[in-house]
Each structure stands twice: as C-alpha cells, then as structure tokens.
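Enquirer: here's a sequence, model it:
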Amino acid sequence: MNSFNVERFMFYEGRRLYGFRVEALSRPGVIAAVSTLIAERGLDITYFSSAGSYKLGEPGEIIFFIDFTDSDVKPETLAMELKALDVVTRVELIRPRYEGFIADTASFPIRMGRRRAIILSESALRGLLIEFRRRLGSGGEAMLYHIGREVGAERARNICEMTERIGATGLRDKFDIGVSLLQCMGYGIPEILELRMDPPYLRERLHRCIECELGRGSNRPFSHFVRGIIAGYASELFKINMIAEETRCIAIGDPYCEFEVKPRGKQRGW
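Expert: Numbering: from 1, shown residues only. Coordinates of the predicted model:
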C-alpha cells in the first residue's frame, strides 16, 4: 500500500519557493495546459493539488509550489502567463515569508466535499490520543470513546445523505463506503469480515490503525477513539445502540486490530 502526502506547506532548505493558486474552468485539458506551460519554462513543481467542481464548466482550483532557485523566470511573469491561458480565470501568487519555506496561505477554509475540515498530523494526534488519556486516565479513555461515537454517528448521517443521491441505498453499500472513507482519511485499512442485520452484528478488521500504532507496547487493547467511531457509525446505520469491542490489537502485538460490534444490551463497557 503506497502512502500519499497531503501537506499544504513545504520546508526545502536553501531553495527559492513560490506558490500559486489558480482558478480555472473545470474541463478536460486544464491541468495539462497549466503543467505544460510550467514545463516549457524549465521549472520544477514541488507540490501540486487540485479540486475540481461538481459540474463541468464551473470553476475549480489548483494549488502548486514551484522551485525558482536555478531559474531566470520571475514568479510574477509566470503568474501573468498562467492568467493568459483561456481556461484560467484567476491567478494568485503566494510569496514566501522565509527562504526555504512555503505554505498555502491563499486557501481557507479547507474542505472535504462541502464541509469544512482540518488536518491533524501524528504529533497532534499523539497529544489527543496519548497524552489526553495519560493525564485523565480511564476517564479520558471513556471520553475519547464517546467523542468517537459522536464522530462516527455524524459521519454516518452525512454518508447516508450522500449515498441517497447516488443510489447506493443498501446497508452494505453504506458500510462499504464508510470503510473506504476510513481508509482515505488515514485511520487505517479496514475490511468488513461479517455483517448481519438480524440480530445486528459487525466484525471489522483494521490494519495499521493510527490510534493503536501510537499505543504500541500496551498491555491491553488500546483503541477508544477509533472504536467509538466504529460503534457510532454502526449505531446510526442499524438504528440501535451498538457497542464495539476490540478483540485483537496491534498495540499488544497482534498483526491487526479487530472489532466486534453488537447491540449494547447488558454488555459491559462503554
């Protein structure tokens, strides 16, 4: 499985970096036209990201960083040349505040679909998932689980809204889409092992769970936040209060994490 970098900033010691935010009409050939112009100037694109529109012909956005260190081309000149392309409607030049560092300060807020989002790095997640529980003990673990449940339930409501639009209305469809999103947002690589309606039951395997990777060396299953997300998601889709138990965990040396999700009933736990 290959990794993918979603940084919107770059440290590149000793290099002269500039950023560009380009608004262009969403249609075939836009990215090719922009990248061809940059290549013809002999410039190196060090970061590139695009966000198309939902409809062909509407404006989309492209963000990229370029290394001008060994080039005679001026960033301002490239910006004007990009603006002259017939598919481009607007160009904003992002100037560096420090040599060797550039960040996308032209775009805010960032979004996932139509909803606002933030990016949490591993260091930020360590503060949330490790230090939070270390300071608050079992109470912190319970809080993480319940926060996760609310995150999972809200995500399920959003996914149900979107899947109705594309005709993926079955329960299995919504669970499949949910695990795809869990992976593309970086929580881990999920796999549904069992899914039943009567009685409601889910068994899900999660490879490289971010929470449990941070907790390696634990003497018991480590996931509370991600376990809560899975329970909240399942509860919303099954329309019954479900509880998730982590039966295998990489934090204690298992090759993967595994979760059993059942109706809460009289089971112990959160």
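Enquirer: in its sheet, what does the helix or strand of the chain with the lowest mean pLDDT sit against?
Expert: In the chain, the helix or strand scored least confidently by mean pLDDT, DSSP states H and E is strand 111-112, which has a mean of 84. Sheet pairing here is set by DSSP bridges, and for strand 111-112 it gives strand 115-116 (antiparallel).
Enquirer: average pLDDT across the partner strand?
Expert: For strand 115-116, the mean pLDDT works out to 87.
Enquirer: do you know how far the nearest residue to Met185 once chain neighbours are set aside is from Ser49?
Expert: Leaving aside its chain neighbours, Met185 sits nearest to Met112 (7.9 Å; criterion: CB to CB, 6 or more residues apart in numbering). In this view, the C-beta of every residue, glycine as well, is placed from N, C-alpha and C. Using CB to CB, to the nearest Å, we find Met112 at a distance of 13 Å from Ser49.
Enquirer: contacts for the least confident helix or strand of the chain?
Expert: If you take CB atoms under 8 Å, 6 or more residues apart in numbering as the criterion, strand 111-112 is touched by Ala117, Met185.
Enquirer: what residue is smack in the middle of this protein?
Expert: Met185 (3.0 Å; CA atoms, centre = their mean).
Enquirer: in the stretch 101-250 of the chain, where is pLDDT below threshold?
Expert: Within the stretch 101-250 of the chain, no stretch has pLDDT under 70.
Enquirer: quick one: furthest residue from the center of this protein?
Expert: Largest centroid distance in the chain under CA atoms, centre = their mean is Asp72 at 37.3 Å.
Enquirer: buried set for the helix or strand where Ala234 lies?
Expert: Using DSSP states H and E, Ala234 sits within helix 225-238. Neighbour-count burial for helix 225-238 flags 225-238 (criterion: 16 or more other CB atoms under 10 Å).
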